[in-house]
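Participant: this one's structure only:
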């Protein structure tokens, strides 16, 4: 047994291969371009060989590499064959897709157990594992929509969305410029900065703290679909009204988190500052603000997603003929679902990048915090 290792994913992948062989062919009769016998055999061999190799006592890195290559190669061959044969997949096709997915699952499990010694290796794994996971979500999505014959108007496959993005880059670029580089960034900066400044004032003046925080909790519960039309009436149809919505959505999370963070420093530290004859501002700058940085940066991360959501939803209620929210509401009325998904994909990427930048800033600023040192 020292030459073997147990893996239920690999064993189940072998069983799925056997089930697929029994259930051949991969496409129903009458498919315009059925799988060749050579392609079918190659897919089965790739999956079965990788599953058997992963059951041997190879070093985890070698097994993970074999599983990674085999799973994606098999998926690529299967998806290439189903293109043009939408709705013609049989049980054997889905069994082989499931077997390839199980190999990828085993690969991610092995990679997660690795303990790289270098920081470069750790960073590479932190990027590789989510990338494999995300790629397989798209593969399963593609296989389900094309193999199951789901109408594209209901749920287009990722490949169709990718083609739409590639063919609509000028339109998407203008929408990103209008929504993100105008409304989101301006509203985010103004909302977070004003929330931070008011939090300092509320910390200094007791009646502001007691009066603003309850109001902040109430305003945070206001529905955006009620606020957005009012902002459009006040500030017009262009981006300032969307920025106003973003300011409202980001102001109070920053206010509440900053006030809470300013109370995070311990009593012993504050007593020590008093023994040094520090005044309020010295204590604030050298003790309380550094201790509040995890809270402040957490508010910045929360607001990075709230700002994008607020700007897009606000564009549903009046905007020039450009903008991500305008494009989504217009194209869904025309049943151009692939364009709607293209805007959603661009918004998701932009929001992830925005959040990632703030997260990197958090690691650089609060490197001393236990949550950062432990991660």
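Facilitator: Arrived safely, thanks for sending. The shown structure was predicted, so the numbers you read here are calculated from the model rather than taken from an experiment.
Participant: quick one: what helix or strand has the nearest residue to residue 150 once chain neighbours are set aside in it?
Facilitator: Excluding its sequence neighbours, the residue lying closest to residue 150 (Cβ to Cβ, 6 or more residues apart in numbering) is residue 144, at 6.9 Å. (Each C-beta comes from the backbone N, C-alpha and C, glycine too.) Using DSSP states H and E, residue 144 sits in helix 119-147.
Participant: Give me the mean pLDDT for the helix or strand following that helix.
Facilitator: Remark: after helix 119-147, the chain's next helix or strand is helix 158-167, criterion DSSP H and E. Helix 158-167 carries an average pLDDT of 92.
Participant: Which other helices and strands does the helix or strand that helix 158-167 is followed by contact?
Facilitator: Once helix 158-167 ends, the next helix or strand along the chain (criterion: DSSP H and E) is helix 169-178. If contacts are counted by 3 or more Cβ pairs under 8 Å, 6 or more residues apart in numbering; DSSP states H and E, helix 169-178 sits against helix 324-333, helix 337-365.
Participant: So for residue 129, which of those sits nearest?
Facilitator: Evaluated with Cβ to Cβ, those place helix 337-365 nearest to residue 129, the distance being 15.7 Å.
Participant: how about low-confidence regions in the chain?
Facilitator: Per-residue confidence for the chain (pLDDT under 70) gives these ranges: 1-4, 266, 271, 368-375.
Participant: how near is residue 255 to residue 213?
Facilitator: Distance of residue 255 to residue 213, computed by Cβ to Cβ, to the nearest Å: 8 Å.
Participant: picking that back up, okay if I get the helices and strands packed on helix 169-178 as JSON lines plus distance to residue 172?
Facilitator: Formatted as JSON lines, the helices and strands packed on helix 169-178 follow (distance: least, Cβ to Cβ, whole Å):
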{"stretch": "helix 324-333", "distance to residue 172": "8"}
{"stretch": "helix 337-365", "distance to residue 172": "5"}
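Participant: which residues touch residue 43?
Facilitator: The contact partners of residue 43, taken as Cβ atoms under 8 Å, 6 or more residues apart in numbering, are 74, 77, 78, 96.
Participant: State the distance from residue 306 to residue 191.
Facilitator: From residue 306 across to residue 191, the span is 9 Å (Cβ to Cβ).
Participant: can I assume residue 54 is in contact with residue 102?
Facilitator: No. If you go by Cβ atoms under 8 Å, residue 54 and residue 102 don't touch, sitting 10.1 Å apart.
Participant: list the residues that contact both of those two?
Facilitator: Joint contacts of residue 54 and residue 102 (Cβ under 8 Å, 6+ apart) are residue 10.
Participant: from the chain's centre, how far out does stretch 172-181 sit?
Facilitator: Stretch 172-181 sits 19 Å away from the centroid of its parent chain (Cα atoms, centre = their mean, to the nearest Å).
Participant: Sounds good, over and out.
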